[in-house]
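> what's the 3D shape of this:
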Amino acid sequence: MTTFQTLALLLAVSAQLAAQPAAPTPALKADQLGDTRNVHSFGLNLLCGQPSEAEFVAARKRGIKVVITLREKDEINWDEADTVKKLGMEFHDFGFRDPADLTDKVFDSVRVALQKSKEKPVMVHCASANRVGAVWLAHRVLDAKIPVEASLAEARAVGLRTSAYEQRAYEYIAAERKKAAAHEKSVRPGINEKFLSADLDASQWLARFEIESREVFAQRSKVVTAIGIKPGDNVADIGAGTGIYTRAFASVVGSAGKVVAVDIAQGFLKHIEERATAEGLTNIATVQCSQDSVDLPADSVDVAFVCDTYHHFEYPRSTLASIRKALKKGGTLVVIDFERIPGKSREFILGHVRAGKDVFRSEIEAAGFEFVEEVKIDGFEENYFLRFRKPLP
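Alright, predicted model coming up:
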């Protein structure tokens, strides 16, 4: 086969693969397994009450390779471990009844198995799936990045009904999130130092931010149109600076909507408040955020807008998690930042912006956002516009 023929074959195969629909995301579904109580499937995985010996045979035929029991040994009068192992499946006993015995180790162990379940489908069971629901809640929040409310609805569908188990799951989730935040290291120490100064004078930044040679200022009307903000929307302008977009958004959302200007610099927020008062804009609020969180209430905004600010996120993972929390389900995240292309971009950009568009996009997607599109803005030469969405449950 010639090089040309090989290339043609590869292109044909690639085209066929691209034409194939993506594998659907699994959904929790009510299911059956003989007389087993309260059975649900999630892809090939099974969440259920206590199966009988015969029902383990049926589970194996369905592809189950790992069995996890959350029952204590004295709850059944036959050797489940022996039965499961003779069928060639792995068996793990993480039994508990008292909520105090629902330890971090139990949560950790079940989560590890579920994370590997694409290669080794898992059955997790207890007596009635009550305990299963508790560990499922933690898994969905921490590993699948599903909002707590949606995860709780799934957990209750699975079988969770004991409030003490639910409370233990919340405690574990909170502790794991705290550990994750504590472990995040600054990706650019000191990048915001000048903005944290108590005597920052916003007027000194007007000549840098509100000038026609700055693309995001010159093309602001095109950007606002491209975002698609509607009257009545709640919008967070994150890294609002002197309020260029805060004021523009306020005119679009109208009296039924609200714009929250979010910034780490109190001097900028004071400037925005004074200008809003002078211009009679009553639908603007301000929030001084921290270095690792936008500090907005959960499910409070329809659109989060980050303009020439993402590269200033010193703790992007934690900050993105707080943005995701603040957005309503299906809400929009728009990120505008500088194209950083070695050998092409200006020296200022290469030295100031820590990474390029592909890196920033991958970080945002890893935080649980769905990439929607890159929007081309006429007049943008050094900036790009990316649209993301907070997934629906």
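
> Show me where the stretch 251-393 of the chain has its strands.
Per DSSP state E, counting those that start in this stretch, the stretch 251-393 of the chain carries strands over the ranges 258-263, 284-288, 301-307, 327-338, 370-375, 383-389.

> and the fifth one, what other elements does it pack with?
For strand 370-375, the packing partners by 3 or more C-beta pairs under 8 Å, 6 or more residues apart in numbering; DSSP states H and E come out as helix 357-366, strand 383-389. Backbone N, C-alpha and C define where each C-beta goes, glycine included.

> what angle do the first one and strand 383-389 make?
Orientation check (axes from the mean of the first three to the mean of the last three C-alpha atoms, to 10 degrees): helix 357-366 against strand 383-389 gives 20 degrees.

> hmm, back to that, export the helices and strands packed on strand 370-375 to CSV and append columns for mean pLDDT, distance to residue 215 and mean neighbour count.
Below are those laid out as CSV (pLDDT from 0 to 100; distance: least, C-beta to C-beta, whole Å; neighbours: other C-beta atoms under 10 Å):
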stretch, mean pLDDT, distance to residue 215, mean neighbour count
helix 357-366, 95, 15, 15
strand 383-389, 98, 5, 20
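
> May I see the ones you listed organised as TSV, with distance to residue 60 added?
Formatted as TSV, these follow (distance: least, C-beta to C-beta, whole Å):
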stretch	distance to residue 60
helix 357-366	35
strand 383-389	39
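
> quick revisit: highest average neighbour count across the strands of the stretch 251-393 of the chain?
strand 258-263 (a mean of 26; mean count of other C-beta atoms under 10 Å).

> how close does residue 105 sit to residue 86?
27 Å (C-beta to C-beta, to the nearest Å).

> Please apply the same query to residue 100.
In terms of C-beta to C-beta, residue 100 sits 34 Å off from residue 86.

> Let's see the distance spanning stretch 339-347 from one end to the other.
12 Å (C-alpha to C-alpha, to the nearest Å).

> Identify all contacting residues around that stretch.
For stretch 339-347, contacts defined as C-beta atoms under 8 Å, 6 or more residues apart in numbering pick out 338, 349-350, 353, 355-357, 382-384.

> give me that answer again for 10 Å
311, 338, 349-360, 380-384 (C-beta atoms under 10 Å, 6 or more residues apart in numbering).

> Need the three-state assignment for residue 141.
What DSSP: H, G, I helix; E, B strand; the rest coil gives for residue 141 is helix.

> Ramachandran angles for the closest residue to it other than its chain neighbours?
In space, and not counting its chain neighbours, residue 141 is closest to residue 151: 4.8 Å by C-beta to C-beta, 6 or more residues apart in numbering. Dihedral pair for residue 151: phi -70, psi -40, per degrees, to the nearest 10.
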